[in-house]
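In: Dropping the sequence and predicted coords here.
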Amino acid sequence: MERLPRAAIFAIVGVILFIIVIFKSSVVIEAGQAGVLFRPFSEGVETEMTYGEGFHIIAPWNDMIIFPVRQLSVSDKMRVLSVNGLEVAVDATVWYQPEYSKLPLLYQEKGRNYESEILAPAISAAARSVVGRYTPEQLYSSKRDVIQDEILDEVQKELSSQYVQVNRVLVKDVTLPEKIKEAIERKLRQEQESLEYEFRLAKATKEAERQKIDAEGKAVANTILSASLTDKILTEKGIEATLKLAESPNAKVVVVGSGDGGLPIILGNQ
């Protein structure tokens, strides 16, 4: 009778230990995640393997460190200096993800908080380097796409051996001091007005040239026509016109040879 309670106690303890072992030994890695196995009683981080999504059984004394490996983003508003020393605020977003196959090395060398350890400093350094090449006017007007690409190149070079893949950089805004911004906008308006004036001036010049060419052409045509009009031709044309008028049904009197140059005179009313 005494053995039965003792056996039950052992059984209960065994079940509890089994549940603990199963609980400690089973790991579920969700979608978009990956795991790094840490063996405290042997080599430490298992650098040869990255554990993918799904259910895994590990020794209860080991630990599985899980990282997100899908594309992530970080936004930051950095204050940097332009080429002439003016402070500029750059609001940027960076898309990144850890290199899947190098995840154990990333954990071993950079730790869980690798974003703050290597990513943020690399982004700040790249932004300072790139923005420092341009004037405020260039930053404000047409260089934003160029800045994005150059910051991306700089960050990728900086992190090429750090087990982090940077996919894209988006510069959302470049903020200048208000007085500098107003001065740039005023300068741009003046340049636009100057271009518009030059366009109107060029258009007026072309129109004047066209009118000059048209007038010169008419003058030449009149000169040629005047040279070809002899008295005989004029008399002949006058006679032709008189004959056409004579054919009109209107009542009239035609006196032949009484006008200037011997041209007929037409008298009469309708």
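Out: Structure's in. What do you need?
In: Okay, now the unreliable bits of the stretch 101-250 of the chain?
Out: Applying pLDDT under 70 to the stretch 101-250 of the chain flags the ranges 141-142, 177-193, 197, 225, 227-239, 241-250.
In: what about the helices in this structure?
Out: 3-25, 103-110, 114, 120-131, 136-140, 144-158, 178-228, 231-246 (DSSP state H).
In: which residues does Ile57 contact?
Out: Counting by Cβ atoms under 8 Å, 6 or more residues apart in numbering, Ile57 makes contact with 25-27. Where you see a C-beta, it was placed from the backbone N, CA and C, and this is true even at glycine.
In: Type out the ChimeraX command that picks the buried ones from the residues you listed.
Out: Buried residues among the contacts of Ile57 (16 or more other Cβ atoms under 10 Å), as a ChimeraX selection:
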select :27
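In: Which of the contacts of Ile57 sits closest to Gly44?
Out: Val27 (17.8 Å; Cβ to Cβ).
In: List the beta-bridge partners for that closest one.
Out: His56 (DSSP bridges).
In: Report the contact partners of it.
Out: 35, 51, 55-58, 64, 66.
In: now it: how far from Lys203?
Out: 76 Å (Cβ to Cβ, to the nearest Å).
In: now swap in Glu99 and tell me
Out: 60 Å.
In: try Arg133
Out: 39 Å.
In: neighbour count winner among the two?
Out: Comparing Arg133 with Lys203 by other Cβ atoms under 10 Å, the one with more neighbours is Arg133, at 14 against 10.
In: Can you tell me the closest non-neighbouring residue to the more buried one?
Out: The shortest distance from Arg133 to any non-neighbouring residue, by Cβ to Cβ, 6 or more residues apart in numbering, is to Val83 (6.0 Å).
In: how many neighbours does the nearest residue to Ala89 once chain neighbours are set aside have?
Out: Closest residue to Ala89 apart from its sequence neighbours, by Cβ to Cβ, 6+ apart: Thr175 at 4.0 Å. A count of neighbours around Thr175, defined by other Cβ under 10 Å, yields 15.
In: how about Thr175, what does it touch?
Out: 88-91.
In: try Asp149
Out: Val169.
In: so how far is Thr93 from it?
Out: Taken as Cβ to Cβ, the span from Asp149 to Thr93 is 15 Å.
In: and Asp63, what are its bridge partners?
Out: Phe38.
In: contacting residues for it?
Out: Asp63 neighbours (Cβ under 8 Å, 6+ apart): 37-38, 40.
In: mind putting these in CSV, pLDDT, neighbour count and distance to Lys110 included?
Out: Shown next, in CSV, are these (pLDDT from 0 to 100; neighbours: other Cβ atoms under 10 Å; distance: Cβ to Cβ, whole Å):
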residue, pLDDT, neighbour count, distance to Lys110
Leu37, 93, 21, 17
Phe38, 93, 18, 15
Pro40, 89, 9, 20
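In: So which of these is the closest to Ala219?
Out: Leu37 (98.4 Å).
In: Skipping its backbone neighbours, what lies nearest that closest one in space?
Out: In space, Leu37 is closest to Glu46, 4.3 Å off (Cβ to Cβ, 6+ apart).
In: which residues touch the one you found?
Out: 36-39, 104.
In: For it, what are phi and psi?
Out: phi -80, psi 100 (degrees, to the nearest 10).
In: Just the pLDDT at it, thanks.
Out: What the model reports as pLDDT for Glu46 is 90.
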